[in-house]
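Peer 1: Return atomic coordinates for the entry below.
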Amino acid sequence: MNKAYNNLKFRHELKFMINRHHYFIIRQRLKNLVRPDKNASTNGEYHIRSLYFDDYENSALSEKLGGFRDRHKYRIRVYNRSDRLILFEKKIKCGDYIAKLKEPLDRDMYDAILNGNYEVLHQPDNPFAMELYLEMKQHLLRPRVIVDYVREPYVCENGNVRITFDKELRTGLHATDLFDQSFNPVPALDDRHIIMEVKYDEYLPEYIKAAVQMEGLHQQAASKYVICCKYLKNNNWEDQ
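Peer 2: Numbering: from 1, shown residues only. The predicted structure follows:
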């Protein structure tokens with residue numbers, strides 16, 4: 001087994017597409033039950049921009065659209081448009097459980113990967129870096145689409161719960177550089193819709209369930225990657 005998976009920890013992940021009316025109600029109910037994530041700015045939010053990768057068969061997109069319960073996808077993620085923290089991630093999903101592998105990159109490594117120099121990932125003593133390297137060399141893993149949004153995160157120590165509201169989902173035409181100053185993302189989702197995610201370890205406290213109105217909401221496969229890919233395709237922005 002790949003050593004990168006030895007300490008992999010899976011968590012529950014639930015996703016809901018809600019409107020702004022529900023968002024304001026749920027946020028108010030959560031007010032005295034959870035606290036803002038320490039990484040959020042003074043306005044309680046931070047910005048996320050991810051570059052998603054897929055192979056020559058578009059496996060990540062096809063498996064998601066095909067309803068595969070066990071799948072994975074690769075992305076490079078940055079926060080608040082800064083290169084201080086650049087993470088190459090693999091998100092692994094098994095049913096309603098998720099786990100992540102992360103490999104930090106410096107700016108030089110990121111630039112090299114974007115320029116097609118995958119040798120920077122050839123690190124025999126680093127299992128996950130080697131997995132990325134082999135995916136790029138053997139399966140032609142390549143950048144596909146940028147996913148851009150604002151996140152409002154909350155945490156609760158009981159159950160190690162994390163609740164996030166992802167807003168202003170955007171993408172762009174043929175964009176592959178997370179730090180491109182000329183990148184002008186366009187809305188990929190109606191601004192009235194917000195993606196709420198609830199992640200937790202072994203259990204979800206009943207008072208959190210009640211606060212987020214889980215009994216009245218339906219889980220949805222709200223993949224931001226798929227939403228952005230579909231938007232580009234429907235607007236004839238797909239790569240020919």
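Peer 1: what sits against Met130?
Peer 2: Applying C-beta atoms under 8 Å, 6 or more residues apart in numbering to Met130 gives the contacts 121-124. No exception for glycine: its C-beta is placed from N, CA and C like everyone else's.
Peer 1: Put together TSV for these, with pLDDT, secondary structure and distance to Lys167 on each row.
Peer 2: Output for the contacts of Met130, formatted as TSV (pLDDT from 0 to 100; DSSP: H, G, I helix; E, B strand; the rest coil; distance: C-beta to C-beta, whole Å):
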residue	pLDDT	secondary structure	distance to Lys167
Leu121	98	helix	33
His122	97	coil	39
Gln123	97	coil	37
Pro124	96	coil	42
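Peer 1: Same list (these) but as CSV, adding distance to Lys91.
Peer 2: Converted to CSV, the contacts of Met130 look like this (distance: C-beta to C-beta, whole Å):
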residue, distance to Lys91
Leu121, 18
His122, 23
Gln123, 21
Pro124, 24
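Peer 1: ranges for the helices of this structure?
Peer 2: Residue ranges of the helices in the chain, as given by DSSP state H, are 20-30, 59-65, 107-114, 127-138, 206-211, 224-234.
Peer 1: could the ones you listed be laid out in CSV, adding mean pLDDT and distance to Ile163?
Peer 2: Listed next are the helices of the chain as CSV, based on pLDDT from 0 to 100; distance: least, C-beta to C-beta, whole Å:
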stretch, mean pLDDT, distance to Ile163
helix 20-30, 93, 7
helix 59-65, 90, 23
helix 107-114, 98, 30
helix 127-138, 97, 28
helix 206-211, 92, 8
helix 224-234, 89, 16
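Peer 1: possible to save these as TSV with distance to Leu87?
Peer 2: Below are the helices of the chain laid out as TSV (distance: least, C-beta to C-beta, whole Å):
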stretch	distance to Leu87
helix 20-30	27
helix 59-65	17
helix 107-114	10
helix 127-138	11
helix 206-211	27
helix 224-234	16
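Peer 1: Among those, which comes closest to Ile48?
Peer 2: helix 224-234 (9.3 Å; C-beta to C-beta).
Peer 1: So what touches that closest one?
Peer 2: Looking at what lies outside helix 224-234 - C-beta under 8 Å, 6+ apart - the contacts are 52, 60-61, 64-65, 73, 75, 144-147, 149, 166, 169, 171, 173, 188-189, 195, 237-238.
Peer 1: Give the buried residues for it.
Peer 2: By neighbour count on 16 or more other C-beta atoms under 10 Å, the buried set for helix 224-234 is 224-232.
Peer 1: how about that helix as PDB, C-alpha atoms only?
Peer 2: Extracted in PDB, the C-alpha atoms of helix 224-234 (Å, rounded to 0.1, in the frame of the first residue of the first chain):
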ATOM      1  CA  LYS A 224     -18.200  22.800  -7.500                       C
ATOM      2  CA  TYR A 225     -15.900  21.200 -10.000                       C
ATOM      3  CA  VAL A 226     -18.800  19.700 -12.000                       C
ATOM      4  CA  ILE A 227     -20.900  22.900 -11.800                       C
ATOM      5  CA  CYS A 228     -18.000  24.900 -13.300                       C
ATOM      6  CA  CYS A 229     -17.300  22.400 -16.000                       C
ATOM      7  CA  LYS A 230     -21.000  22.300 -16.900                       C
ATOM      8  CA  TYR A 231     -21.200  26.100 -17.000                       C
ATOM      9  CA  LEU A 232     -18.200  26.300 -19.400                       C
ATOM     10  CA  LYS A 233     -19.600  23.600 -21.600                       C
ATOM     11  CA  ASN A 234     -23.100  25.100 -21.700                       C
END
